[in-house]
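K.L.:
After the sequence you'll find the predicted model.
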Amino acid sequence: MTEKKISVYRFMSAGCNGCDVQILECLVPRYKLGELGVEVVFTPEEANVLAVTGGINVKGKEELKKAYEKLKPPKLVVAIGNCAITKEIFDKGYPMVGPPDQIVPVNFYVPGCPPRPQAIVSAIAKALGVTLEEKEDYWGTPEGFRGKHEFDSEKCIGCGACAQVCSSDAIEILENGEKRIIKVDYGHCSFCGFCQDECPTQAIKLTREYHLLTDNRKITHVTNEVEMFKCNVCGTYYAPSRQIDWAVERITEKVSIYREYSVNLKKAMEICPNCRREIDNIRKAKKLLAQLSSKAQTRYN
Amino acid sequence: MPEIVQIGPYRPQLVEPERFELLVENGKIIDVNIELGYVHRGIEKLFTTKTYMQNLALAERICGICSGVHTLCYAQTAESVMNVNVPERAKYLRCIYMELERLHSHYLWFGVLAHSLHEHDVFLRIMGEREQVQDLLEYLTGNRMNYLINTIGGVRRDITPQKAEKIRKVLKNMNELSNYLLSLLGENGTFTKKTRGVGILPKEKALNLGAVGPTLRGSGIKSDVRKDDPYAAYGELDFEIVTEKDGDAWAKSLVRARETLESIKIIEQALDNLPDGEIAVKPGEPLEKEEVGRAEAPRGELVYYIRSNGTNIPERVKVRTPSFMNDFTLIEMLRGDTLQNARTIIESIDPCFACTDRVTVVDAKTGKKRRVELK
Ligand code: SF4
Ligand code: SF4
């Protein structure tokens, strides 16, 4: 199929071995690695491609450098699995000095935890500039497969529950005044699915997409933006508008007697926690709510 | 004149790539030094920075190959900390998932054994057939490895009748694969020739060194956490602890091959007797206490210890993995054997992978290095 011979040397330090097993599994005829002219070799001297897995710890660092030096040209380095991209769940572990691209130049990244053998094979194919035949039974994932995330921006209320439960610190909440951005780094994710389980509005889903090869690890993310709401009293942005609506709905749903007061309830929710804390008795609260209603200030103006 | 032979560190291995320094004289190994740490990730420290739930994903990543049993053992220990009673159905489901894991882990090991004995066709056949188990696990749990199927309070995905059918189908094929493995270990079998009498671990030594799992059972000791201290639904299922008395690499292999048949038996029974009901309950608050839990991983007894201070983040989590115990039996097995056999012996305890073929011989007197190939 191709004249370029690819000899892969596997290198692992500070990973779980999962990715390494996937590379070994690629050797099975089903994955057609052989057809691409790829072989797995046992010494870095024989190899021209280095497949690195794991986040690299203090002890592995020098060994990685040595292996890289011994590599034959074109000296391609492929970082396989999220540990090798961002150190993933081991990010804050004290002996970790990776990810590998902090130590040797990395050409390609294959996100996943672990990536499917198909993803690894197609990554190698892409590196070779070869296109592989698309066969459903070969490439397809079963229903319920946990792959790259997808946001339903209609549903997301921006509450940040996903970031709270995330097992790998893969979800960041960024705020710039009027916007809150939920940023999921699928190159840092363990694909545990906790975000999907805990999302109160089922807005975040793990899709069946797993072909995530990239040459730039800075772009391995999915984001969603929600609008922030300004406090009716002091004017600072303090919560996503949708989250306020959602909370009012849930409260009136759960405690039916509050239904009559839903307008006032909403008015109260439209005051930021700081201002709310300054109200020291019911009488003052009532007065404030009346004032706000008379001003007829809504967030839609 | 004795020579120092280095194996590794780069032979990807279960717990870590490690370096073996063998002191060799006239082809015989006189002493062994093991150096660990290439995969150290500071996991026990990380455990104390995450919540009980988040730690499930961390526990699983201690080892990708036996990832399921790590979450199970961790979840069971956490369940004791939280006083949770797991529903009956979940207990059976746990047995099914964990035995599927044992199957893929044992098959992988045979694949690797074949690989290191340079039996390429055997390797391809085992690994090729094994894919069915991987596909099945992906279909049932959503990932080929690190499936995160166990949770504190039960399991995360149910097995529908349709899924059960699929499992049974795969088991039928796996039965064939297991019998094929047994034939490789029979008289004149491919594996038999190369593993008989290699790396003998006598019974008393196995006990004294604290060997666990197939490494221990291959030396004739009947010990298995699933029977000795039944967890999940193992107490209600009928299966045997497999032992072999010879203690060599062959006996350990035979134990694993026969165990795969027991695993198939366990899964079938669990499917037949799967109770109705919930698959998980919501765990309560952690109590202020300490707990120890254990489970039988494919490589032997796995132990978790959790100390809780009542908050949702554990104060201390300690893990003792089976390979840690078995690694040290290697010293015993390697001593007195030949350099030729070193690789088979190291593999016999199932450190997951073939070592890289690279071996460096250091002349103990001159300090000069030369490379030799391990066959
Ligand atoms: S990316 Fe996931 S599967 Fe790969 S080594 Fe890391 S934890 Fe294991
Ligand atoms: S699946 Fe969601 S919760 Fe889990 S690690 Fe990835 S982003 Fe975090």
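P.N.:
Nice, I can see it. Ligands and ions are numbered 1, 2, ... in the order given.
K.L.:
Okay, strands next: where are they in the chain?
P.N.:
As the question left the chain open, I've gone with chain A. Applying DSSP state E to chain A gives strands spanning A:6-12, A:38-41, A:49-53, A:76-80, A:108-110, A:149-151, A:171-175, A:179-185, A:204-206, A:221-230, A:237-240.
K.L.:
not quite, I wanted chain B
P.N.:
With strands called from DSSP E, chain B shows them at B:3-7, B:19-25, B:28-35, B:150-151, B:154-155, B:290-297, B:300-307, B:316-320, B:358-363, B:369-373.
K.L.:
Compare those and say which comes out lowest on pLDDT.
P.N.:
Lowest mean pLDDT of those: strand B:358-363, a mean of 39.
K.L.:
Throw the strands of chain B into TSV and include distance to residue B:264, thanks.
P.N.:
Every residue, glycine included, has its C-beta placed from N, CA and C. TSV is the format used below for the strands of chain B (distance: least, C-beta to C-beta, whole Å):
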stretch	distance to residue B:264
strand B:3-7	35
strand B:19-25	35
strand B:28-35	35
strand B:150-151	21
strand B:154-155	20
strand B:290-297	16
strand B:300-307	20
strand B:316-320	29
strand B:358-363	38
strand B:369-373	38
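K.L.:
Contacts only, for residue B:53.
P.N.:
Contact analysis of residue B:53 by C-beta atoms under 8 Å, 6 or more residues apart in numbering or on different chains lists A:165, A:167, A:194, B:151-152.
K.L.:
From those, list the ones also adjacent to ligand 2.
P.N.:
Taking C-beta under 6 Å from any ligand atom, the overlap between the contacts of residue B:53 and the neighbourhood of ligand 2 is A:165, A:167, A:194.
K.L.:
Now, those residues that are in helices?
P.N.:
If you go by DSSP state H, those have A:165, A:194 in helices.
K.L.:
ok, of the ones next to ligand 2 among the contacts of residue B:53, which one's closest to residue B:270?
P.N.:
Nearest to residue B:270 out of the ones next to ligand 2 among the contacts of residue B:53 is residue A:194 (C-beta to C-beta; 26.9 Å).
K.L.:
Contacts only, for the spatially closest residue to the closest one that is not a sequence neighbour.
P.N.:
Nearest non-adjacent residue to residue A:194, counting by C-beta to C-beta, 6 or more residues apart in numbering or on different chains: residue A:165, 4.5 Å away. Residue A:165 sits next to A:194-195, A:197-198, B:51, B:53-54 when contact means C-beta under 8 Å, 6+ apart.
K.L.:
Dihedrals phi and psi, residue B:337?
P.N.:
Dihedral angles of residue B:337 (phi, psi; degrees, to the nearest 10) stand at phi -90, psi 180.
K.L.:
Please narrow the contacts of residue A:165 to those residing in helices.
P.N.:
Residues of the contacts of residue A:165 located in helices (DSSP H): A:194-195, A:197-198, B:54.
K.L.:
Save the contacts of residue A:165 as CSV, and put in pLDDT and distance to residue B:333 too.
P.N.:
Listed next are those as CSV, based on pLDDT from 0 to 100; distance: C-beta to C-beta, whole Å:
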residue, pLDDT, distance to residue B:333
A:194, 97, 43
A:195, 97, 46
A:197, 95, 46
A:198, 95, 48
B:51, 96, 42
B:53, 96, 41
B:54, 96, 39
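K.L.:
which of the residues you listed lies closest to ligand 1?
P.N.:
The closest of the contacts of residue A:165 to ligand 1 turns out to be residue B:54 (C-beta to the nearest ligand atom; 14.0 Å).
K.L.:
Tell me the buried residues in the least confident helix or strand in chain A by mean pLDDT?
P.N.:
The least trusted helix or strand in chain A, going by mean pLDDT, DSSP states H and E, turns out to be helix A:136-139, with a mean of 75. Judged by neighbour count using 16 or more other C-beta atoms under 10 Å in any protein chain shown, the buried positions of helix A:136-139 are residue A:139.
K.L.:
Put the alpha carbons of that helix into PDB.
P.N.:
Output of helix A:136-139 as PDB, limited to C-alpha atoms (Å, rounded to 0.1, in the frame of the first residue of the first chain):
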ATOM      1  CA  GLU A 136     -19.300   0.600   9.200                       C
ATOM      2  CA  ASP A 137     -18.500  -2.700  11.100                       C
ATOM      3  CA  TYR A 138     -14.900  -1.700  11.400                       C
ATOM      4  CA  TRP A 139     -15.200   1.900  12.400                       C
END
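K.L.:
Need the residues that contact that helix.
P.N.:
With contact meaning C-beta under 8 Å, 6+ apart, helix A:136-139 is reached by A:30, A:118.
K.L.:
Please list the residues of chain B that sit near ligand 2.
P.N.:
Applying C-beta under 6 Å from any ligand atom, we find that chain B lies next to ligand 2 at no residue.
K.L.:
Against residue A:251, how distant is whichever residue of chain B sits closest to ligand 1?
P.N.:
Among all residues of chain B, residue B:61 sits closest to ligand 1, at 4.1 Å; criterion: C-beta to the nearest ligand atom. Distance of residue B:61 to residue A:251, given as C-beta to C-beta, to the nearest Å: 39 Å.
K.L.:
So for those two, which residue has more residues nearby?
P.N.:
Remark: of residue B:61 and residue A:251, residue B:61 carries more neighbours, 28 against 16, as counted by other C-beta atoms under 10 Å in any protein chain shown.
K.L.:
which residue sits closest to that one, ignoring its sequence neighbours?
P.N.:
residue A:16 (4.3 Å).
K.L.:
Surely residue A:33 touches residue A:27?
P.N.:
Yes - Residue A:33 lies in contact with residue A:27 (C-beta atoms under 8 Å); the separation is 6.1 Å.
K.L.:
Cool, thanks, talk later.
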